[in-house]
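# predicted model follows, preceded by the sequence.
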Amino acid sequence: MAEQATVILSGFADEAANQKTAEQQFSAFAALGLQFYTIRFVDVGNGVKNVMELTTAEVTKLRHLEDEYGLNVSSIGSPIGKVKLLDVDDKSKNRYVPFAQYLEKDVAKACELAHAFETKLIRGFSFYHPRGADPREHLSQVVDQLGQIAEACHRSDLTFGLEVEANLVGQSGDLLADIHKQVNHPALVLIFDAGNIVSQGCPPDEVFAQYEAMKPGMGWMHIKDYRFPQPMVKVEHVNEEMLKHFVPADLGDSAHERILRDFKTMLPGLTAHLQRRGVPGVFLDLEPHVKGGGQFGGFSGPDGMGVALRGLCRVLDYVGINYHLRDFDDIQDARGF
């Protein structure tokens with residue numbers, strides 16, 4: 001009998017919480033039946049903080065709450081790589097940090113957090129080139145810097161996932177594939193996100209082509225979709241704060257059914273590869289943004305996250321990919337029966 005293709009469902013828990021408190025996030029995810037979450041923004045009693053700003057005491061409190069709600073961290077949703085490559089005024093609000101300092105402080109902190117939350121995965125990005133410039137002109141610097149980040153993660157027995165996103169050097173599947181090939185490091189994988197491609201004005205066939213380009217380096221997926229206002233127009237620079245047409249995976253312009261049907265064929269091999277690196281399996285990480293998205297995050301609410309999860313499950317059921325949500329047996333096991 002052929003092996004059943006299986007994924008692990010996760011999500012950015014801050015999207016499910018109106019005030020982003022840890023209890024709201026964990027309650028929503030437990031009620032939805034999820035057992036993994038990506039940590040990005042959270043209020044542990046001292047105001048909303050990015051995961052990179054958490055204190056040791058706050059991490060400890062979150063770990064206790066995870067036990068209470070039966071949750072584990074799938075990845076650190078860090079903003080690593082969302083800084084300028086060059087210290088130039090390009091009329092953007094992006095900050096610049098000298099790379100040696102960035103590697104020593106920010107990247108090292110992300111690695112420490114991954115160990116503290118017992119995850120092997122860190123999400124990151126491919127740096128901002130000067131606005132208006134050709135991203136390919138900056139590939140060599142990006143390759144050098146991401147190679148050093150990958151090596152730092154590798155020394156910590158971690159894996160760094162590079163997400164495709166507008167306005168960065170790795171804004172397309174082709175560019176990310178080129179970066180991955182040139183870096184050529186076992187600790188660097190790619191994160192496909194169809195919604196981030198459609199929002200740049202790419203039609204379904206182009207989205208699939210970019211997915212295919214990323215396949216050799218794929219590590220996991222973020223799940224969100226976008227319904228581009230007609231007529232669809234290719235956008236050179238995306239105003240991320242104005243994006244407002246995100247939809248669940250079964251309603252958008254990305255053709256997730258086609259993508260996931262193909263992805264199903266590579267799941268057994270990718271699962272085995274990730275497990276050799278200490279990752280439990282292949283994550284599909286919900287980041288729906290159905291009530292709005294921006295440069296450093298998005299929001300769905302508990303209701304929107306539920307709608308997005310059900311939309312994803314409908315697609316997975318249709319293409320025959322297995323997944324697990326909490327059931328009565330899980331509850332009984334947690335109670336010791």
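Cool, got the structure.
# correct me, but Leu34 touches Leu312?
No. In terms of C-beta atoms under 8 Å, Leu34 does not count as a neighbour of Leu312; the distance is 11.1 Å. Any C-beta I mention is one placed from the backbone N, CA and C, and that applies to glycine too.
# spit out the residues that contact the two alike.
Counting by C-beta atoms under 8 Å, 6 or more residues apart in numbering, the common neighbours of Leu34 and Leu312 are Leu9.
# and what about Val189, helix, strand or coil?
For Val189, the assignment made with DSSP: H, G, I helix; E, B strand; the rest coil gives strand.
# if I look at the closest residue to it other than its chain neighbours, what pLDDT would I see?
Leaving out its chain neighbours, the residue that sits closest to Val189 by C-beta to C-beta, 6 or more residues apart in numbering is Gly219, at 2.7 Å. Listed pLDDT for Gly219 reads 98.
# next, give phi and psi for Gly219.
Main-chain dihedrals, Gly219, degrees, to the nearest 10: phi -120, psi -50.
# check contacts around it.
Contacts for Gly219 were tallied using C-beta under 8 Å, 6+ apart; they are 121, 159, 161, 189-191, 270, 274.
# what's the answer for Phe26, then?
So Phe26 contacts 13, 37, 65-66, 68-69, 71 (C-beta under 8 Å, 6+ apart).
# ok, and the closest non-adjacent residue to it?
Tyr69 (3.9 Å).
# so that neighbour is in contact with Ala30, correct?
Yes. Applying C-beta under 8 Å, one finds Tyr69 in contact with Ala30, separated by 4.7 Å.
# thinking again about what came up before, out of the contacts of Gly219, who's nearest Gly293?
Lowest distance from Gly293 to the contacts of Gly219 (C-beta to C-beta) belongs to Ile191, with 15.8 Å.
# how many residues are close by the closest one?
Using other C-beta atoms under 10 Å, Ile191 is surrounded by 28 other residues.
# and for Tyr318?
With other C-beta under 10 Å as criterion, Tyr318 counts 13.
# surely it and His256 touch.
No. With contact defined as C-beta under 8 Å, Tyr318 does not reach His256; the gap is 9.8 Å.
# distance check, the residue nearest to Val189 against Val279.
According to C-beta to C-beta, to the nearest Å, Gly219 and Val279 sit 8 Å apart.
# name the residues contacting each of those two.
121, 159.
# now the contacts of Gly219 as a markdown table including distance to Ser92?
Shown next, in a markdown table, are these (distance: C-beta to C-beta, whole Å):
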| residue | distance to Ser92 |
| --- | --- |
| Leu121 | 28 |
| Thr159 | 29 |
| Gly161 | 24 |
| Val189 | 27 |
| Leu190 | 24 |
| Ile191 | 23 |
| Leu270 | 35 |
| Leu274 | 35 |
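# closest to Ser300 among the residues you listed?
Using C-beta to C-beta, Ile191 comes nearest to Ser300 of the contacts of Gly219, at 18.6 Å.
# contacting residues around the closest one?
Ile191 neighbours (C-beta under 8 Å, 6+ apart): 123, 161-164, 219-222.
# the protein: helices as residue ranges?
Counting by DSSP state H, one finds helices in the chain at the ranges 22-32, 56-69, 99-102, 108-116, 139-155, 173-183, 194-198, 204-214, 256-276, 301-319, 328-335.
# redo the ones you listed as JSON lines? Include mean pLDDT and distance to Gly294.
Shown next, in JSON lines, are the helices of the chain (pLDDT from 0 to 100; distance: least, C-beta to C-beta, whole Å):
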{"stretch": "helix 22-32", "mean pLDDT": "98", "distance to Gly294": "18"}
{"stretch": "helix 56-69", "mean pLDDT": "98", "distance to Gly294": "24"}
{"stretch": "helix 99-102", "mean pLDDT": "98", "distance to Gly294": "22"}
{"stretch": "helix 108-116", "mean pLDDT": "98", "distance to Gly294": "21"}
{"stretch": "helix 139-155", "mean pLDDT": "98", "distance to Gly294": "23"}
{"stretch": "helix 173-183", "mean pLDDT": "98", "distance to Gly294": "21"}
{"stretch": "helix 194-198", "mean pLDDT": "96", "distance to Gly294": "13"}
{"stretch": "helix 204-214", "mean pLDDT": "98", "distance to Gly294": "21"}
{"stretch": "helix 256-276", "mean pLDDT": "98", "distance to Gly294": "22"}
{"stretch": "helix 301-319", "mean pLDDT": "98", "distance to Gly294": "15"}
{"stretch": "helix 328-335", "mean pLDDT": "76", "distance to Gly294": "35"}
